[in-house]
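Engineer: this one's sequence-less:
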Ligand code: NAD
Ligand code: ZN
Ligand code: ZN
């Protein structure tokens, strides 16, 4: 199919406002770049945080197309790109890392030293909630031939971020008790990854009974609407996918000596970290960020083997703005995935 000159995109045009559907030019790939037709795009709660930022908080130029959780098909490649990428389905690693800095060389592309506050597409660069998206290099793609685009998209962020957080703390998780706070897009996949790749006792906390029911289906052993209700013994690792003052405090309260409080959610919470204060002896506090490419490859393999399956609600591109409203209201099962009209 010929590539059109313009396309529709979901753009944030002003801070502290809702995005808009707008007509924008289709970008064409320069040297090293690839153009993807977007087959599926997940809606992440981080987009809601971005929308609600006051001006000057983030170094992003508006208007900016949102969308950082994408699966698509390569339709055009720039000079120097291996032509065998054409027509292949891939999931996009959304951290536009440099590939050469100290962090990238060690396989920590999510900590690239050259991100400049703008992480990648939909988070500072033109995003994937559009009909086409430009990707800066083939190393941003993980090929996923034969897989289903709608199931792939949530792997790019929801599953990758959850997997990375779990991998970092695997030593404390094995043989222990883990509390997952917030079983939405990221959390429901964290439960599956814990169930499939660890022997932990899995406790899940969410304010929504429907999220708890889904978590039990995915393998949670114990569930509750508050940490205090769900937990009756010291906890080795708290994975907080909410990150509010209240969830951090509740997580700290149940931590065993040597336990780890892992803040993934961007709910704006903060806590005091000090010896002899609110945390037990030997505490660890960590805020992992997204994940490196090797972890994206790992979650694609887990999905290929059927070990993890994102719960998805598929919506049409034209309904994206309404879908964001439902995400804000918590009226979602698993992840909303947008597909072309
Ligand atoms: P989501 O809206 O799909 O899920 C959030 C879940 O938390 C919902 O099920 C909701 O009912 C539950 N919840 C809300 N308040 C709660 C509370 N006080 N106690 C218990 N449960 C509560 O969101 P998501 O897309 O899964 O994202 C989760 C968080 O992770 C967001 O803050 C997002 O910005 C952040 N995030 C961080 C990274 C990272 O790299 N650190 C990456 C992606 C997303
Ligand atoms: Zn995200
Ligand atoms: Zn780098």
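Structural biologist: Cool, the structure landed. Only a predicted model underlies this, so the values are computations on that prediction, with no experimental measurement involved. Residues are numbered from 1 along each chain as shown. Ligands and ions are numbered 1, 2, ... in the order given.

Engineer: and residue 164, that's in a helix?
Structural biologist: Yes. In this structure, residue 164 lies within a helix as judged by DSSP: H, G, I helix; E, B strand; the rest coil.

Engineer: so it makes contact with residue 292?
Structural biologist: Yes. Counting by CB atoms under 8 Å, residue 292 is a contact partner of residue 164 at 7.2 Å. Just so you know, the C-beta spots here come from the backbone N, C-alpha and C atoms, and that holds for glycine as well.

Engineer: spell out which parts of this protein neighbour ligand 2.
Structural biologist: Listed as neighbours of ligand 2 in the chain under the rule CB under 5 Å from the ion: 44, 46, 157.

Engineer: reformat the residues you listed as CSV; add secondary structure, pLDDT and distance to residue 275.
Structural biologist: Formatted as CSV, the residues of the chain next to ligand 2 follow (DSSP: H, G, I helix; E, B strand; the rest coil; pLDDT from 0 to 100; distance: CB to CB, whole Å):
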residue, secondary structure, pLDDT, distance to residue 275
44, coil, 98, 35
46, helix, 98, 32
157, coil, 98, 35
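
Engineer: on that earlier part again, who touches both of residue 164 and residue 292?
Structural biologist: Residues touching both residue 164 and residue 292 (CB atoms under 8 Å, 6 or more residues apart in numbering): residue 110.

Engineer: what bridges to residue 89?
Structural biologist: Judged by DSSP bridges, the bridge partners of residue 89 are residue 73.

Engineer: so who does it touch?
Structural biologist: Contacts for residue 89 (CB under 8 Å, 6+ apart) come out as 39, 71-73, 143-147, 149, 152.

Engineer: give me the buried entries from those residues.
Structural biologist: The neighbour count (16 or more other CB atoms under 10 Å) marks 39, 71-73, 143-144, 147, 149, 152 as buried among these.

Engineer: return the subset of those residues lying in strands.
Structural biologist: Using DSSP state E, 39, 71-73, 143 are the members of these that sit in strands.

Engineer: residues near the residue of the chain at minimum distance from ligand 2, how many?
Structural biologist: In the chain, the residue found nearest to ligand 2 is residue 44; the distance is 3.0 Å by CB to the ion. As a burial measure, residue 44 scores 27 neighbours (other CB atoms under 10 Å).

Engineer: can you give me phi and psi for it?
Structural biologist: phi -100, psi 150 (degrees, to the nearest 10).

Engineer: give me the distance between it and residue 266.
Structural biologist: Distance, residue 44 to residue 266, using CB to CB, to the nearest Å: 10 Å.

Engineer: repeat for residue 175
Structural biologist: The spacing between residue 175 and residue 266, counted by CB to CB, is 30 Å.

Engineer: when the two are compared, which one has more neighbours?
Structural biologist: Neighbour count, other CB under 10 Å: between residue 175 and residue 266, residue 266 has more, with 16 against 11.

Engineer: quick check, the more buried one in a strand?
Structural biologist: No. Residue 266 sits outside any strand when classified using three-state DSSP, being coil.
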